[in-house]
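J.: give me a 3D structure for the following:
(one chain, ligands or ions: 2)
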Amino acid sequence: MKRISIIDAKNYVGQTVEIGAWVANKRSSGKIAFLELRDGTAYFQGVAVKNEVGEEIFDIAKSLNQETSIILTGEIREDARSHFGYEIGIKTLEVVGSSEDYPITPKEHGTDFLMDHRHLWLRSSKQHAIMQIRNEMIRATYEFFNDNGFIKIDPPILTGSAPEGTTELFETDYFDQKAYLSQSGQLYMEAAAMAFGKVFSFGPTFRAEKSKTRRHLIEFWMIEPEMAFMHQEESLEIQEQYIAYLVQGVLDNCDYALTVLERDKGILERYTQLPYPRISYDDAVELLIKNGFEDIQWGDDFGSPHETFIANSFEKPVFILNYPKQIKPFYMKPHPTREDVVICADLIAPEGYGEIIGGSERETDYDQLLAEIKKFGLSPEEYKWYLDLRKYGSVPHAGFGLGLERAITWVAGIEHIREAIPFPRLINRIYP
Ligand code: 4AD
Ligand code: MG
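T.: Numbering: from 1, shown residues only. Ligands and ions are numbered 1, 2, ... in the order given. The predicted model follows:
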C-alpha cells in the first residue's frame, strides 16, 4: 500500500493509502470518531465508524490522546465541508508513540507559556502556516536572484569588523583575539560584488539590541544583495521587484496558510503592483510635523509611530530616500549636491510593520572612505581589506538588506516577529 502525505490526498481520491500522523484533536460519539490529523504537510480529518473498523480499533481511536503518533490506513474521500477538501475513512489504525498530558491544549494559553513550549508550539496550525510562508519566501528569494543573474555568496559569521556600528556587537574569544558575531555581511558582499558582479547572501545576523519590541530579534536572517556597476535608482527597482515577487510567491503557493492566518489576499494583491512610492526624508519629516508630531525634527531617526504614520499615508510599501548623514553608517555615499544627506533608502512596510529593507549606494573613493572610517572612530588597520576594494578598480555599487522575519511578519499579517522564526532569540529568552 502506498504511504502518502496529507498534502497529496487530492491525488488519491477513492484509493486506500497509509499515512503517518499525529492526533491534533478528537471528537467522538458512541458510533463514530473524528480525528483531526496532522503530518507536518497539512491537517485533515480521519473518520472511524464503529461498524466499519470493528470494536477494537474503534476503542483505540476513541481513546487517543492529543499528539499521539499513529499509522493509519483508509480511503481518501472528498470532504466539501472542510477548507482542505479531503478526509480519510479509517480502516486500520496503530499507535506508534503515546502522548500523556500534552501541555498545549486547544484552550487559550499565555504567550510566556507558549514561548516556553516553542518546541511543541511549532506543531499548531497557526505556527505551521507561518513556517510555510517563511519557506516560500526563502524559496522565492533564491529563485528571484538566480533568475536575475545573481550568484549566492556566503559571508562569514565570525568577523573582526562592525559595519552597522559597534554598540550592538556580540563579542567572543577567537583564540588570542576578539571576534564578533556578524551584524551584516555587507562589507564582504561588496568584496564579492567586485569579484562576481551581482551577488546575494542569506544567513543569520546578530544584534545585541536592548530593544524589546514586536519588531526586534537578537538573531535574525538577512538577505543582502550587492551589485557592481549600479547606482541607487536601479537598486530601488530591484528591491521593489523582489518584494513584489515574494508577495506573489506567497499568494500563488500559500493559499491554505493565508486562509489559516485569515490574511486578506486582496491587500497582498495590491502590494504586487509596482512601482512603490518614493518620498524624501526631508518630505517625510515635513509630513510628520504638519500632522502634529512635535517629537521630531530634521536630523532625528524615525521611531515606530513615525514610520507607521508615514506608511499609512500610502497604499503600498514606501521608500524613504536620503537620510541625514549623521544617523547612517560610514560606508554610505554622500549626496552629490547636498552635504548633509547620503544616498540611501529604507523601505517601510504598510500596516505598521516598519522598516523591512535598509540599503544604499556605497562610497567608492579611497580617500573619502578612509576619512569616514576615521571620523567614526574605527581603526583603518581593521578595514584595510575593505579599503583595498577602492584601490583596485573601484566602481559605483549599491546594495541592500532585507530582514526576513520583518518581511514574514508583514506578509503573514501577524502581531509579533517572535512567531516568524522557529526558535526566536529575544533579549530575555534563549530557551528552548
Ligand atoms: O537597516 P540595517 O541595519 O541594514 C544593514 O545591515 C545593511 N548593512 C544592509 C545592506 O545594505 N546590505 O538592517 C537591514 C534590515 C532592516 O531593514 C530590518 O528589516 C532588519 O534588517 N533588521 C532586523 N530584523 C529583526 N530584528 C532586528 N533586531 C533587526 N535589525 C535589522
Ligand atoms: Mg536600517
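
J.: distance check, residue 94 against residue 327.
T.: Distance of residue 94 to residue 327, given as CB to CB, to the nearest Å: 62 Å. Heads up, the C-betas are built off the backbone N, CA and C, glycines and all.

J.: and if you look at residue 161?
T.: From residue 161 across to residue 327, the span is 20 Å (CB to CB).

J.: so for those two, which residue has more residues nearby?
T.: Ranked by neighbour count (other CB atoms under 10 Å), residue 161 and residue 327 place residue 161 first, with 17 against 12.

J.: show the pLDDT at that one.
T.: Per-residue confidence for residue 161 comes out at a pLDDT of 78.

J.: now swap in residue 88 and tell me
T.: Here, the pLDDT recorded for residue 88 equals 98.

J.: interface residues of the stretch 251-400 of the chain facing ligand 1?
T.: 355, 356, 357, 358, 359, 399, 400 (CB under 6 Å from any ligand atom).

J.: my read: the second one touches residue 320, true?
T.: In other words, residue 356. No. With contacts counted by CB atoms under 8 Å, residue 356 stays clear of residue 320, the gap being 11.9 Å.

J.: shared neighbours of the two, anything?
T.: Taking CB atoms under 8 Å, 6 or more residues apart in numbering as the contact rule, residue 356 and residue 320 both touch residue 348.

J.: quick one: residue 139 is in a helix?
T.: Yes. Counting by DSSP: H, G, I helix; E, B strand; the rest coil, residue 139 falls inside a helix.

J.: any idea how far it is from residue 150?
T.: Counting by CB to CB, the gap from residue 139 to residue 150 is 15 Å.

J.: ok, those two, which is more surrounded?
T.: More crowded of residue 139 and residue 150, by other CB under 10 Å: residue 150, with 20 against 13.

J.: assess the claim that that one and residue 223 are in contact.
T.: No. In this structure residue 150 lies outside contact range of residue 223 using CB under 8 Å: 10.5 Å.

J.: quickly list what's touching both of those two.
T.: Each of residue 200 lies in contact with both residue 150 and residue 223 under the rule CB under 8 Å, 6+ apart.

J.: need the contact list for residue 366.
T.: 387, 390, 391, 394.

J.: which bits of the stretch 51-200 of the chain sit near ligand 1?
T.: Checking the stretch 51-200 of the chain against ligand 1 by CB under 6 Å from any ligand atom, the hits are 163, 164, 184, 186.

J.: quick one: the helices in the protein?
T.: 50-53, 55-63, 111-116, 118-121, 125-147, 186-196, 232-253, 255-260, 265-270, 281-290, 304-312, 366-375, 384-388, 404-412 (DSSP state H).

J.: buried deepest among those, which one?
T.: Ranked by mean neighbour count, the helices of the chain are led by helix 404-412 with a mean of 25 (mean count of other CB atoms under 10 Å).

J.: so which residues make contact with that helix?
T.: By CB under 8 Å, 6+ apart, the residues outside helix 404-412 that reach it are 129-130, 133-134, 137-138, 202, 214-215, 217, 220-223, 243, 246-247, 250, 257, 261, 263, 268, 349-351, 353-356, 414, 416-417, 419-421.

J.: does that helix reach ligand 1?
T.: Yes. For helix 404-412, a contact with ligand 1 is found by CB under 6 Å from any ligand atom, at 405, 406.

J.: wait, what's in contact with the residue lying closest to residue 242 once chain neighbours are set aside?
T.: Computed as CB to CB, 6 or more residues apart in numbering, the closest residue to residue 242 that is not its neighbour in sequence is residue 144, at 5.6 Å. Taking CB under 8 Å, 6+ apart as the criterion, residue 144 is in contact with 241, 242, 245, 246.

J.: got the helices of the chain as TSV, with distance to residue 171 and mean pLDDT columns?
T.: Supplementary listing: these in TSV, determined by distance: least, CB to CB, whole Å; pLDDT from 0 to 100:
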stretch	distance to residue 171	mean pLDDT
helix 50-53	61	96
helix 55-63	54	96
helix 111-116	26	97
helix 118-121	27	98
helix 125-147	29	98
helix 186-196	18	98
helix 232-253	32	99
helix 255-260	39	94
helix 265-270	41	98
helix 281-290	33	98
helix 304-312	28	97
helix 366-375	20	97
helix 384-388	20	97
helix 404-412	24	98
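
J.: mind checking how far residue 55 is from residue 90?
T.: Relative to residue 90, and taking CB to CB, residue 55 is found at 14 Å.

J.: repeat for residue 252
T.: 33 Å.

J.: over to residue 20?
T.: Taken as CB to CB, the span from residue 20 to residue 90 is 14 Å.

J.: looking at those two, which is more packed in?
T.: More crowded of residue 20 and residue 90, by other CB under 10 Å: residue 90, with 24 against 17.

J.: would you check that that one makes contact with residue 44?
T.: No. At 11.9 Å, residue 90 and residue 44 do not qualify as touching, with contact defined as CB under 8 Å.

J.: which neighbours do the two share?
T.: Counting by CB under 8 Å, 6+ apart, residue 90 and residue 44 have no common neighbour.

J.: compare the helices of the chain and report which one is nearest to residue 210.
T.: Closest of these to residue 210 is helix 304-312, at 15.2 Å (criterion: CB to CB).

J.: show me what the closest one is packed up against.
T.: On a contact count with 3 or more CB pairs under 8 Å, 6 or more residues apart in numbering; DSSP states H and E, helix 304-312 meets helix 281-290, strand 318-321, strand 344-349, strand 354-361.

J.: average pLDDT across the third one?
T.: Strand 344-349 shows an average pLDDT of 98 in the prediction.

J.: which neighbours does that strand have in its sheet, and in what orientation?
T.: Sheet pairing for strand 344-349, assigned by DSSP bridges, gives strand 318-321 (antiparallel), strand 354-361 (antiparallel).

J.: quick one: buried residues of the shortest one?
T.: Neighbour-count burial for strand 318-321 flags 318, 319, 320, 321 (criterion: 16 or more other CB atoms under 10 Å).

J.: doesn't residue 180 make contact with residue 156?
T.: No. Judged on CB under 8 Å, residue 156 makes no contact with residue 180 at a distance of 10.5 Å.

J.: pick out whichever of the two has more residues nearby.
T.: Between residue 156 and residue 180, counting by other CB under 10 Å, residue 180 is the more crowded of the two (20 against 11).

J.: where's the more buried one relative to residue 428, distance?
T.: 22 Å.

J.: got it, and residue 72?
T.: Separation of residue 72 from residue 428 (CB to CB) stands at 42 Å.

J.: higher neighbour count, those two?
T.: For the pair residue 72 and residue 428, the greater number of neighbours falls to residue 72 (22 against 8), based on other CB under 10 Å.
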